[in-house]
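> coords please:
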Amino acid sequence: MKQPAVYIMASKPGGVLYIGVTSDLLQRIWQHKNNFVDGFTKKYHIKRLVHYELYNDMPTVILREKRLKRWNRLWKIELVEAYNPGWNDLWTDLGM
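Sure, this is the predicted structure:
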């Protein structure tokens, strides 16, 4: 699934949120889930993919990531709940 994407991960429904960007969503989420990524997601046990958006180019996805990171927490939660009200792990939707 090599395509630029911005994604939101959570530790649990309504829990700690992480926003990231990647060119390979499958690989990146696998890395988070298997603790191959040191830092914030590993420290706070963030393993649930709750939102993602696919784009055609990296400059656009990077701009979207920067905008999402400036949003307040409530807006981020509303975004997740608009598309994924159950806070399901969308990892399974990616074919894994």
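> could you list the buried residues of the biggest helix by length in the chain?
Longest helix in the chain by number of residues, with DSSP state H as the criterion: helix 58-70. Counting neighbours by 16 or more other CB atoms under 10 Å, one finds that the buried residues in helix 58-70 are 61, 64-65, 68. C-beta coordinates here come from the backbone N, C-alpha and C atoms, glycine included.
> with stretch 76-93 instead?
76-77, 79-80, 84, 87, 89-91.
> what of stretch 14-32?
For stretch 14-32, a neighbour-count test (16+ other CB under 10 Å) marks 17-22, 25-26, 28-29, 32 as buried.
> against which helices or strands is the helix or strand L74 falls within packed?
Assigned by DSSP states H and E, L74 belongs to helix 73-83. Judged by 3 or more CB pairs under 8 Å, 6 or more residues apart in numbering; DSSP states H and E, helix 73-83 is in contact with strand 2-10, strand 17-24, strand 48-54.
> okay, the buried residues of helix 58-70 in a markdown table with distance to F36 and pLDDT next?
Listed next are these as a markdown table, based on distance: CB to CB, whole Å; pLDDT from 0 to 100:
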| residue | distance to F36 | pLDDT |
| --- | --- | --- |
| V61 | 21 | 97 |
| R64 | 24 | 98 |
| E65 | 20 | 98 |
| L68 | 23 | 98 |
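> what's the farthest-apart pair in those?
Between any two of the buried residues of helix 58-70, the greatest separation by CB to CB is 10.4 Å, found for V61 and L68.
> mutual contacts of those two, please.
Shared between the contact lists of V61 and L68 (criterion: CB atoms under 8 Å, 6 or more residues apart in numbering) are residues V6.
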